[in-house]
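**Student:** Sequence and predicted structure, then a few things I'm wondering about:
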Amino acid sequence: MTMADPRALLFDLFSTALAAVSPQKCLPAHLPSPPQGRTIVIGAGKAAAAMAAVVEAHWPREAPLSGLVVTRYGHGVPTRRIHVVEAAHPVPDEAGVAAAAAILERVQGLQPDDLVLCLLSGGGSALLALPAPGITLADKQALSKALLTCGATIQEINCVRKHLSAIKGGRLALAARPARVITLAISDIPGDEPSALASGPTIADPTSREEALSILEKYGIEIPPAVLAHLTSPNAETPKPGDPRLAHSEMRIIATAHDALSAAARYARARGIEPLVLGDSLEGEARDVAFVHAGIARSIRRHQEPLAPPCVILSGGETTVTVRGDGRGGRNTEFLLALLTRLDFPAWALACDTDGIDGSEDNAGAWFGPDIIADVKEGRLQPHAYLQRNDAYGFFSALDRLVITGPTRTNVNDFRALLLTP
């Protein structure tokens, strides 16, 4: 790879990051030995079906193995012993409710020598949708839509989800007693907090129902009467850290955003491009994060500090978008659109969601090069107008700069690369 092809370098960095956190790469080394009893595989997330296929490929043929996992529509893969169900994401549907109920039923009535192997990845919260008694799917759908567009963080969203669920926040592990529970998880949570991943169905929950209620109030979200009644009831509380009923459950995070960024950084360095990794857990409004990246790039261009070109700025995490317009787009395309408004020198940039879906669109993200920056600088393109109406998808689609990967069947959240050439 030479700097004569910076676009290819951007895409190779992204591909390298994805390969480093694929189930095929990260899961086999963490598989436990078969137990004396049965092994029941359950799971949820955009990588759940791919993870199940890896388990099947590495599990002894003579050892009992069965189970059910739920993944997003279009993310399924062929399996033989573990049933795969597809459901809606990010707003749950009836298929997700039925799958969650079936998973909960499969882990009941087990014995101490049985093993529950839980496979989790990003998207598991919406896919594992089983409302608490008294709460309807319509209630959860309305709250999900409101939370996804108000600027709430994923930790805040999942806190609410846990306290409105019959399966999240450790309740699935309670149902599996006395069997041993091992959870293998690909993390899409900034900071990799285990209890926030897929809303922690097999792990103790440090948040409270009072926090869940305050989050809804903080963002001015209308609370359905049944939800309000539930959150003000002790029945909404989840098992807390130190609860002896969860002593049989353990969790291992097997892939993270740090792993993806580290692989990309090694790839860049091997090709003479010095990487600057800003962090794997950046949060905040997408456009604000973009302004910070632009400021660092400006310092590099003008002062060769904190490093000199050729170099690439890498970052991960999960930004948010407070939707005020009527356009289309996700947080990665919005990041790039905002970045364009602050760059007045040649640069190359790519921002994608590692699951292959930016928000709810059909693209993973987008990319741009110096030609787009020049068109913005000369007034031939008007990114500010698109940014105002949250229409990053429309902007990059018209320029044929969307990145469309299809389902990647992994998910460690955002991947951003800003490349500065000599």
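**Tutor:** Great, that's in hand.
**Student:** Run through this protein and note the low-pLDDT ranges.
**Tutor:** 1-4 (pLDDT under 70).
**Student:** longest strand of it?
**Tutor:** Longest strand of the chain, by residue count under DSSP state E: strand 274-282.
**Student:** buried ones in the helix or strand following that one?
**Tutor:** Of the helices and strands lying after strand 274-282 in sequence (DSSP states H and E), the nearest is helix 286-303. Neighbour-count burial for helix 286-303, counted by 16 or more other Cβ atoms under 10 Å, picks out 286-287, 289-294, 296-297, 300-301. For the C-beta atoms, the positions are set from N, CA and C on the backbone; glycine is no exception.
**Student:** Grab the CA positions of helix 286-303 and hand them over as PDB.
**Tutor:** What follows is helix 286-303, C-alpha atoms only, in PDB (Å, rounded to 0.1, in the frame of the first residue of the first chain):
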ATOM      1  CA  ALA A 286     -21.700  13.300  16.500                       C
ATOM      2  CA  ARG A 287     -21.100  16.900  15.200                       C
ATOM      3  CA  ASP A 288     -19.300  17.900  18.400                       C
ATOM      4  CA  VAL A 289     -17.000  14.900  18.100                       C
ATOM      5  CA  ALA A 290     -16.400  15.800  14.500                       C
ATOM      6  CA  PHE A 291     -15.300  19.400  15.500                       C
ATOM      7  CA  VAL A 292     -12.800  17.900  17.900                       C
ATOM      8  CA  HIS A 293     -11.300  15.700  15.200                       C
ATOM      9  CA  ALA A 294     -11.100  18.700  12.900                       C
ATOM     10  CA  GLY A 295      -9.300  20.700  15.500                       C
ATOM     11  CA  ILE A 296      -6.700  18.000  16.000                       C
ATOM     12  CA  ALA A 297      -6.300  17.600  12.200                       C
ATOM     13  CA  ARG A 298      -5.800  21.400  11.900                       C
ATOM     14  CA  SER A 299      -3.000  21.300  14.500                       C
ATOM     15  CA  ILE A 300      -1.300  18.400  12.600                       C
ATOM     16  CA  ARG A 301      -1.500  20.200   9.300                       C
ATOM     17  CA  ARG A 302      -0.300  23.600  10.600                       C
ATOM     18  CA  HIS A 303       2.200  22.700  13.300                       C
END
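**Student:** what does it contact?
**Tutor:** For helix 286-303, contacts defined as Cβ atoms under 8 Å, 6 or more residues apart in numbering pick out 276, 278, 282-283, 305-309, 311, 313, 315, 317, 319-321, 331-332, 334-339, 342-343, 345, 347, 387, 416, 418, 420.
**Student:** Just the residues you listed: which are in strands?
**Tutor:** Among those, DSSP E puts 276, 278, 282, 311, 313, 315, 317, 416, 418, 420 in strands.
**Student:** want to throw those into a markdown table with distance to C26 and neighbour count?
**Tutor:** Below are the ones in strands among the contacts of helix 286-303 laid out as a markdown table (distance: Cβ to Cβ, whole Å; neighbours: other Cβ atoms under 10 Å):
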| residue | distance to C26 | neighbour count |
| --- | --- | --- |
| L276 | 25 | 18 |
| L278 | 23 | 17 |
| L282 | 22 | 20 |
| C311 | 28 | 21 |
| I313 | 25 | 22 |
| S315 | 21 | 25 |
| G317 | 19 | 24 |
| R416 | 21 | 27 |
| L418 | 26 | 26 |
| L420 | 31 | 24 |
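**Student:** for those residues, which one is nearest K168?
**Tutor:** Using Cβ to Cβ, G317 is the member of the ones in strands among the contacts of helix 286-303 that sits closest to K168, with 22.6 Å.
**Student:** what residues are up against that closest one?
**Tutor:** 190, 257, 279-283, 289, 413-414.
**Student:** what do you get if the cut-off is 7 Å, keeping everything else the same?
**Tutor:** Each residue near G317 by Cβ atoms under 7 Å, 6 or more residues apart in numbering is listed here: 190, 257, 279-283, 413-414.
**Student:** Helix or strand next in line after whichever helix or strand L18 is part of, which one?
**Tutor:** Taking DSSP H and E as the definition, one finds L18 inside helix 6-20. The C-terminal neighbour of helix 6-20 among helices and strands, as given by DSSP H and E, is helix 23-26.
**Student:** Domain ranges for the chain, per the record?
**Tutor:** Split into domains by automatic domain parsing, the chain comes to 6-18+258-420, 23-255.
**Student:** how distant is the shortest one from the center of its chain?
**Tutor:** Computed by Cα atoms, centre = their mean, to the nearest Å, the separation of domain 6-18+258-420 from the middle of its chain amounts to 17 Å.
**Student:** Run me through the strand neighbours of the longest strand of the chain, direction for each.
**Tutor:** Here strand 274-282 is paired, per DSSP bridges, with strand 311-317 (parallel).
**Student:** got the angle between the partner strand and helix 6-20?
**Tutor:** Between strand 311-317 and helix 6-20, the angle comes out at 40 degrees (axes from the mean of the first three to the mean of the last three Cα atoms, to 10 degrees).
**Student:** okay, now D371: neighbour count?
**Tutor:** D371 is flanked by 10 other residues according to other Cβ atoms under 10 Å.
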